[in-house]
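S.K.: Need coordinates for the following:
(one chain, ligands or ions: 1)
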Amino acid sequence: MRTREVWRIQRAGALGRLERHTDSLPDPGPGEARVIVKAIGLNFADIFACLGLYSATPAGAFVPGLEFAGVMEALGPAVPPPGRRGEPPHAIRPGDRVIGLTRFGAYATAVNLGVRYLRPIPPEWSFAEGAAFPVQALTAWYGLIELGALETGDSVLVHSAAGGVGLNALAILAAVGARVVATVGRPAKRDFLVKRRGLSPDQVIVRDRHTFGSQLDRALAALQLDGFDLVFDAVGGPFFRPAYERLRPEGRLVLYGAADFMPKLARPEYLRLALKYVRRPRLDPLRMIAENRSVMAFNLIWLWDHADRLARAYDRLAHLMQGPPFVARRFGFNDTPAALRYLQSGESIGKIVLEV
Ligand SMILES: NC(=O)c1ccc[n+]([C@@H]2O[C@H](COP(=O)([O-])OP(=O)(O)OC[C@H]3O[C@@H](n4cnc5c(N)ncnc54)[C@H](OP(=O)(O)O)[C@@H]3O)[C@@H](O)[C@H]2O)c1
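M.R.: Numbering: from 1, shown residues only. Alright, predicted model coming up:
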């Protein structure tokens, strides 16, 4: 048994319901390890979960958070031998620095988690960089490589390219050798992508919901492209159809989020959400056959039940990604609500991490 601090929400529905508590963490069970958390990665999904707008939100009270990094303190009994199906192919021992991917529960100073969800942190990475890695890198990899069937030379549209998933997507696209058009919500993010990520100004669109189609046409013309092979979209809303209409034959639109639904306030504005829901994009599947275009969608949390596939994904990512993820801003564990409000504002660039 160990005393720890957590941020818990009694019932999803408003960010203001997130409260700090002290509780007791039992000893790790069979196949589990206890990790003393040093850093926690924030995800847009955490906000959707707190607001009750995320399909996987637990019923009743829960501790948000999907990823963390820290030091393994203790192993539970009867840990299966390393290398078994679903287990990491390396032994992790107490005292090791680890990254953890968890189905909620990471906003805590100590966590018990199955060892198969733990990986060693690369020696040259900080705890913050470790905590920044799993969800957003795996999301980019799964969407672009597994579903999107990305190939060298593909033309790819990436939304929210200066965000956490977006920067990982850009790294994968560069490694594979794709031709990229990126979208962002604000000019400052465009400057960041041009100055810090080497994109040309023609490649980066500051999205405008009224003229998005012609913005895409201008970018495609400037890059001498006749359409997209792949669209990687977590925004949706009015930006979905213009991008879909510019898919080339055999083009794939991979949808993995709906940031356009994000409320501006600390609790959902249900009327505005209902209006967005009524106006959500719709497609005619018969036309899709004739046009030879596809739409795919996924939720990474599904992969959590397939730990063997997660382990393979980590290994493949290690070949694709050069260096640690970009941690743009760090907040103290005490400042968790402020960190979430900053992420919700849509202003953030790169990854936001809580340091414990
Ligand atoms: N399906 C999955 O399994 C999965 C897993 C991880 C993440 N996701 C999704 O991937 C997206 C990126 O996640 P992330 O954690 O890396 O966050 P992020 O991209 O670092 O931050 C979210 C970004 O969404 C954009 N956005 C668009 N409309 C917005 C609005 N109305 N309000 C606020 N922001 C808005 C903003 O960037 P711009 O304005 O520059 O576009 C904002 O910075 C999110 O939509 C998330 O839900 C899905």
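S.K.: Near Gln215, how many other residues are there?
M.R.: Number of residues near Gln215 (other C-beta atoms under 10 Å) recorded here: 18. Quick note: C-beta positions are derived from backbone N, CA and C, even for glycine.
S.K.: Chain neighbours aside, what residue packs nearest to it?
M.R.: Closest residue to Gln215 apart from its sequence neighbours, by C-beta to C-beta, 6 or more residues apart in numbering: Ile205 at 4.9 Å.
S.K.: Tell me the confidence at the residue sitting nearest the centre point of the chain?
M.R.: Centroid-nearest residue in the chain, with C-alpha atoms, centre = their mean: Gln136, separated by 3.3 Å. We have a pLDDT of 96 for Gln136.
S.K.: can you confirm the residue nearest to Gln215 is in a strand?
M.R.: Yes - under DSSP: H, G, I helix; E, B strand; the rest coil, Ile205 sits within a strand.
S.K.: Pull the contacting residues for it.
M.R.: 181-184, 212, 215-216, 219 (C-beta atoms under 8 Å, 6 or more residues apart in numbering).
S.K.: One more: Trp304?
M.R.: 101, 103, 117, 310.
S.K.: 7 Å - rerun?
M.R.: By C-beta atoms under 7 Å, 6 or more residues apart in numbering, the residues touching Trp304 are Arg103.
S.K.: In three-state terms, label it for me.
M.R.: Per three-state DSSP, Trp304 ends up helix.
S.K.: gap between it and Ala56?
M.R.: Trp304 sits 9 Å away from Ala56, going by C-beta to C-beta, to the nearest Å.
S.K.: what's the answer for Phe48, then?
M.R.: In terms of C-beta to C-beta, Phe48 sits 9 Å off from Ala56.
S.K.: Let me know the helix or strand that the closest residue to Pro242 other than its chain neighbours is in.
M.R.: Nearest residue to Pro242 in three dimensions, chain neighbours excluded: Gly213, at 4.0 Å (C-beta to C-beta, 6+ apart). Taking DSSP states H and E as the definition, Gly213 sits inside helix 212-222.
S.K.: ok, now Arg287?
M.R.: helix 285-291.
S.K.: What mean pLDDT does that helix get?
M.R.: Rounded mean pLDDT across helix 285-291 is 94.
S.K.: helix or strand right after that helix?
M.R.: strand 294-297.
S.K.: Paired strands for that following strand, with orientation please.
M.R.: Strand 294-297 pairs in its sheet with strand 247-255 (parallel), by DSSP bridges.
S.K.: residues in contact with the helix or strand following the strand it pairs with?
M.R.: The first helix or strand that comes after strand 247-255 along the chain, using DSSP H and E, is helix 270-278. Identification of contacts with helix 270-278 by C-beta under 7 Å, 6+ apart yields 237, 260-261.
S.K.: What is the nearest of these to Met321?
M.R.: Closest approach between these and Met321, by C-beta to C-beta: Asp260, at 28.0 Å.
S.K.: and the stretch 1-150 of the chain, which residues reach the ligand?
M.R.: Within the stretch 1-150 of the chain, the positions adjacent to the ligand are 43-45, 135-136, 139 by C-beta under 6 Å from any ligand atom.
S.K.: As a markdown table, those residues with secondary structure would be great.
M.R.: As requested, these are arranged in a markdown table below (three-state DSSP):
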| residue | secondary structure |
| --- | --- |
| Asn43 | coil |
| Phe44 | helix |
| Ala45 | helix |
| Val135 | helix |
| Gln136 | helix |
| Thr139 | helix |
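S.K.: Most neighbours among these, please name it.
M.R.: Val135 (27 neighbours).
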